[in-house]
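1. 3D, please:
(3 chains)
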Amino acid sequence: MTATQPPAAGLIPAAEPPAADGPGPAATTRPSRTLLRFVGKKILITAALLFGVTILTFLLVQAVPGDPANTNLSETAQQNPEIVAAYRAKWGLDRPLPMQYLTYLNNLIHGNLGTSQSTGDSVLADLKKYVPATLELAIPAMILSLLISVGLGLWAAVRKDRAADHTIRGAALVGLSTPSFWLAIVVLYVFFYLLGVAPNGGRLSTQLTPPRQVTGMYTIDALLQGRPIAFRDALWHLMLPVLVLTALTVSILIRFVRSAMLEVLDQDYIKAAYAKGLPRWTVLRRHVLRAGLVQVVTVAGLAFASLLSGTVLIEQIYSWPGIGQYAYRAALNLDLPAIMGVGLFVALVYTVVNLLIDILYGIIDPRIRVS
Amino acid sequence: MTEPLLQTSRLSVTLRGPDGPLPVIKGLDLRVEPGEIVGLAGESGSGKSLTALTLLNLLPPGAHVDGSIRFDGTELTGLDRRGWQGVRGSGIAMVFQDSSAALHPMLTVGMQLTEHMRASLGLSKAAARARAVELLEQVRIPQPERALRSYPHQFSGGMRQRIAIAIALACRPRLLIADEPTTALDVTVQAGILALFDELRREHDLAVLFITHDLGVLSSLTQRAYVFYAGRVMESGGTTDVLNRPTHPYTSALLGARPHGLSTSRTLQAIPGVPVLPGEEPPGCPFEPRCRFAQDVCRSAVPPLEAIGDSRTLACAVQPELVRP
Amino acid sequence: MSTPTNAPQIAPDVMAEALPARRLFGLRPGAPRPERRRSGRRRHARGLTVVAIGILACWAIVAIAAPLLAPHDPLAQSGPYYAPPSGAHWLGTDQLGRDILTRILYGARLSLPLAVVIVALALLIGGTLGLVAGYLGRWVDEVLMRLTDLVFAFPPIILAMVVTAAFGPSARNAVLALVLVSWPTYARVVRSAVLSIRSSDFLSASRLLGVGPWRALWRDVVPNSVGPSVVLASLELGNAVLMLASLSFLGLGPRPPAPEWGAMIAAGSNDLSKWWVSIIPGIAILTVVLAFNLLGDAVRDWLDPRSRSRR
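-> Numbers count the residues shown, from 1 in each chain, chains lettered A, B, ... in the order given. Coordinates of the predicted model:
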């Protein structure tokens, strides 16, 4: 214990003016300007990263043994020297490596990702066809995963070390240890083979024609076209893959959400909120969730990453013609343009999502904008 | 004789430790009259902060509370969640030690000021806002309207603490518990906050339980004081009385350990040993291992807290006259 | 070399800590360690850890003694195609008439050692790079951070898939691809451990006492970076098994007829009526990964007391 003043009889005189405490709220920076600067910086970094990604993809492809002309052109095309020469010229194969990269980059910017060897279409067209199918899985899975994991994670944190907490964490651990493709098979076996309540994969029952393509997502397009039967059927086909994706993603997310919430619950400002006489639900909703939101956003990024990875395997099992299946077939066939195209696209999406997350951080937590 | 605003009887708190129960507060009898400032002085680990949390039922899960807490005519122990919500904020309010940790970093000052006013007092948004501006003026925050829209990190430490005080006063509590509110602040800033406490107390007829480890703060602000060690009261009485004529060896040792007023002839008297940890108390008086005057009787049983005249109490087996700094 | 530019004031207790520096997280040498008495919660967690070690020990025994334990030859047909579980074949046979129980037992000889190799290599490479980058700082550090950013820009399975496919599916390429995908995590963890040690007082004290830069690295920095890397490695073992199984499920792992569990699941996925072909290898994977995860949690709690409060 210390004494900073000599024991004085009586009480101190009236309060001094507050000038001694320091300046008032920071008057110079309006929230919007710092936010803008923050966002701008992030965008620049992302652009640089994307550049790096193109270089990496390019180098990876160069590292593959074999002549690209052999691997990218069909057998018959290879017999024709004119086609081979044209191909070489198009992709600058006879020029030094840096020039090849520039040609590659140039083609990229013009939207030319090459022609898929397996499908015969341009990779860009392929992507346009397959991406919406994956989105149709990923978006509901993402929303459901976030809602469920935030709810369960918060509950586990509030009920720390009690039965609910142990059950939730145990289930999450088992979910984490389950191979995604195996779970997909088990679920298919139980609900399709044994119980007959789910379809055997695919996006639509064979007797129905797909709706006219607007977004590429059958459910939305069926609604837009006014075909309720097709809508219900597409929804029915969505059930199992979304269920599996959600279950796996939730297992990953719950741990993070729980530990983020535990940290928040420990903070003095939560105690202070209760000390004000606020009801528990208000404290959880307004104080705990808001503080944990930063972590939840991180978690959303993780969810997205896990979903992207998950689709590769899940789409296989459920014969879902999405990006995952496309990537897999491209890898198997050594369809280099397709591989590169998918790799680039995925990296692009991934990076952009991370950028959005960084921006979200700045919006949620005002302290981050100035750091 | 009117009933005290706050009276605890044999209040004991046991926490759930990793290796078994930990008694942190033992048989506390604390009294606060309406409108008075009472100090609770003790070192870190003495249990004084936990006392504050106990009075608001904000202890960690697994904590066990025995004894009675009477506030404003109502028995608080055994209240359900709704009951406590009614007491907190509008009956008893609290100001925490570290205002940067006690204010939510992502909510505006305005929100944090008005939310419980609207919830507990039922004020409309506009009324709450108007009162918030009033409160900020009372605690001398410049440009209150702008402050309402700002975030806590935009203010200095002293101003944040003033905001915290404003928040605590918003629902017109009768008792304010201040848990070391100036410890994290510079000395110059500290004086202003202490003056603010005194002024608010007089204007609003507010009772204050002021928790501190700083004897100087204790003497300049409080009227009565309790000296706390290892979860028990060692002695209590009028502040000036206790500090000028201490009757407990612990108080005396603390006064002797102050670096202020050192001359070439007087050396710093540190208290030997370390503060006792919960769960590791000796069988007798908790201060006995470090006490200059310890006798055999001190080891055999915990000395009870007894009145010794002059509105003072003492829990010690040693003769008070021997204990002079 | 990183010499402190501003000579710090050396407090006596910091001096005492400088020689020798063995500090795993919060455990200061000489500070009293709290008595650990049994309590209900501890026993519960310890019980789970024992179960996990037990499971792993069983699998390790299986992996080593597979030739002795297995009833049949994993690569040869020993019964009718797609025979359901029976007395002769406890877990049935697969599409080529091979005994599934045997293939599961032999599969342990693939999954477990390969996972360990993947983690060990990634730890070695990533850890060294992280150590160097964290210690040397400046542009070396920048380059490393950008490299890790690059790898992190791809979802792991897709990158691994592409690399394996490009170089030809095989056990070796799968391992290399997975090492490529996982080394950045280790690099980052070790780097941040090194950075926090660099900014701590006891390293400065050590250097001011005349300990040379390389000796300081070896004596002070490395021991304190070991902790977080070990925690990470133990948590990553389960993940390695899963990723390997995923790759071989896709046909990009150890080539057939190798009895890798993931490939076995793939073989049975075409015909759901023959459920034992797919479901049973998955259970094997589940138990192994679960045990690894439990063990990883236990290691983390043991080595990093700070995380305990969050458990």
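2. Which other helices and strands does whatever helix or strand residue A:338 lives in contact?
-> Following DSSP states H and E, one finds residue A:338 within helix A:336-364. Identification of packing neighbours for helix A:336-364 by 3 or more C-beta pairs under 8 Å, 6 or more residues apart in numbering or on different chains; DSSP states H and E yields helix A:31-63, helix A:68-72, helix A:123-158, helix A:289-317, helix A:323-332, helix A:366-370, helix C:156-167. C-beta: built from backbone N, CA, C; applies to glycine.
3. so how far is it off the chain centroid?
-> In terms of C-alpha atoms, centre = their mean, to the nearest Å, the centre of helix A:336-364 is found 8 Å from the chain centre.
4. I'd say residue C:238 and residue C:287 touch.
-> No: in this structure, residue C:238 is not within contact of residue C:287 by C-beta atoms under 8 Å, at 10.8 Å.
5. Who has more neighbours out of the two?
-> residue C:238 (24 against 16; other C-beta atoms under 10 Å in any protein chain shown).
6. Grab the nearest non-local neighbour of the more buried one.
-> Using C-beta to C-beta, 6 or more residues apart in numbering or on different chains and skipping residues adjacent in sequence, the residue nearest residue C:238 is residue C:292, 3.5 Å away.
7. What residues sit buried inside the helix ranked longest in chain C?
-> For chain C, the helix that runs over the most residues, judged by DSSP state H, is helix C:100-136. For helix C:100-136, a neighbour-count test (16 or more other C-beta atoms under 10 Å in any protein chain shown) marks C:100-112, C:114-115, C:117-119, C:121-123, C:125-127, C:129-136 as buried.
8. so which residue of the stretch 1-150 of chain C comes closest to chain A?
-> Of all residues in the stretch 1-150 of chain C, the one sitting closest to chain A is residue C:150 (5.1 Å; C-beta to the nearest C-beta).
9. Which residues does the helix or strand where that residue lies contact?
-> Following DSSP H and E, one finds residue C:150 within helix C:138-152. Outside helix C:138-152, the residues within contact range by C-beta atoms under 8 Å, 6 or more residues apart in numbering or on different chains are A:49, A:52-53, A:56, C:129-130, C:132-134, C:159, C:180-181, C:183-184, C:187-188, C:191.
10. Strands of the stretch 201-325 of chain B, start to end?
-> B:207-212, B:224-229, B:232-238, B:306-307, B:313-314 (DSSP state E, counting those that start in this stretch).
11. what residues are up against the closest residue to residue C:275 other than its chain neighbours?
-> Among residues not flanking residue C:275 along the chain, residue A:189 sits closest, at 5.7 Å (C-beta to C-beta, 6+ apart). Residue A:189 makes contact with C:272, C:275, C:278-279, according to C-beta under 8 Å, 6+ apart.
12. Residue B:152 too?
-> Residue B:152 touches B:99-100, B:103-105, B:109, B:112, B:160, B:163, counting by C-beta under 8 Å, 6+ apart.
13. Quick one: name the residues of the stretch 251-371 of chain A near chain B.
-> By C-beta under 8 Å from any C-beta of the partner chain, the residues of the stretch 251-371 of chain A that approach chain B are A:267-269, A:271-280, A:282, A:286-287, A:290-291, A:293, A:364-367.
14. What's the PyMOL syntax to select whichever of the residues you listed are buried?
-> Applied in PyMOL, the following selects the buried portion of these according to 16+ other C-beta under 10 Å:
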select buried, chain A and resi 267+268+269+271+272+273+274+275+276+277+278+282+286+287+290+291+293+364+365+366
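15. can I assume residue B:93 sits in a helix?
-> No: secondary structure of residue B:93 (DSSP: H, G, I helix; E, B strand; the rest coil): strand, not part of a helix.
16. ok, now which ones touch it?
-> Each residue near residue B:93 by C-beta under 8 Å, 6+ apart is listed here: A:275-276, B:168-169, B:171, B:173, B:175-177.
17. Columns distance to chain C and secondary structure on top of these, output as CSV?
-> Shown next, in CSV, are those (distance: C-beta to the nearest C-beta, whole Å; DSSP: H, G, I helix; E, B strand; the rest coil):
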residue, distance to chain C, secondary structure
A:275, 22, helix
A:276, 26, coil
B:168, 28, helix
B:169, 33, helix
B:171, 33, coil
B:173, 32, coil
B:175, 32, strand
B:176, 31, strand
B:177, 26, strand
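18. Nearest to residue C:74, out of these: which one, please.
-> residue A:275 (66.0 Å; C-beta to C-beta).
19. For the closest one, give me its contacts.
-> So residue A:275 contacts B:56, B:58, B:88-89, B:93-94 (C-beta under 8 Å, 6+ apart).
20. likewise residue C:254?
-> C:110, C:114, C:170-171, C:174, C:248, C:260, C:263 are the contacts of residue C:254 under C-beta under 8 Å, 6+ apart.
21. in which helix or strand would I find whatever residue of the stretch 101-250 of chain C ends up closest to chain B?
-> Scanning the stretch 101-250 of chain C for proximity to chain B using C-beta to the nearest C-beta identifies residue C:231 as nearest, at 20.7 Å. Assignment of secondary structure by DSSP H and E places residue C:231 within helix C:222-249.
22. Same question for the helix or strand following that helix: list its buried residues.
-> Using DSSP H and E, the helix or strand that follows helix C:222-249 in sequence is helix C:261-268. For helix C:261-268, the neighbour count (16+ other C-beta under 10 Å) marks C:261-268 as buried.
23. Can helix C:261-268 be said to contact chain A?
-> Yes: applying C-beta under 8 Å from any C-beta, one finds helix C:261-268 touching chain A at C:262, C:265-266, C:268.
24. and the two most separated of the residues you listed?
-> Farthest pair in the residues of helix C:261-268 next to chain A, by C-beta to C-beta: C:262 and C:268, 11.4 Å.
25. Contacts only, for residue A:137.
-> Here residue A:137 is in contact with A:238, A:241-242, A:245, A:307, A:311, A:314-315, A:320, A:322 (C-beta under 8 Å, 6+ apart).
26. now do residue A:257
-> By C-beta under 8 Å, 6+ apart, the neighbours of residue A:257 are A:149-150, A:152-154, A:157, A:292, A:295-296, A:299.
27. Confirm it sits in a helix?
-> Yes: judged by three-state DSSP, residue A:257 forms part of a helix.
28. ok so, going back, ok, so of the contacts of residue A:137, who is nearest residue A:175?
-> Out of the contacts of residue A:137, the member with the shortest distance to residue A:175 (by C-beta to C-beta) is residue A:245, at 11.7 Å.
29. Next, the closest one: secondary structure please.
-> helix.
30. What distance do you get for it to residue C:216?
-> 49 Å (C-beta to C-beta, to the nearest Å).
31. more crowded one of those two?
-> residue A:245 (26 against 22).
32. Just give the closest residue to that one, not the sequence neighbours.
-> residue A:141 (3.9 Å).
33. Quick check, that neighbour in contact with residue A:306.
-> No: checked against C-beta under 8 Å, the pair residue A:141 and residue A:306 is beyond contact range at 9.6 Å.
34. Which residues are in contact with each of the two?
-> residue A:249.
35. Those two: who's more crowded?
-> Counted by other C-beta under 10 Å, residue A:141 and residue A:306 do not tie: residue A:141 has more neighbours, with 28 against 24.
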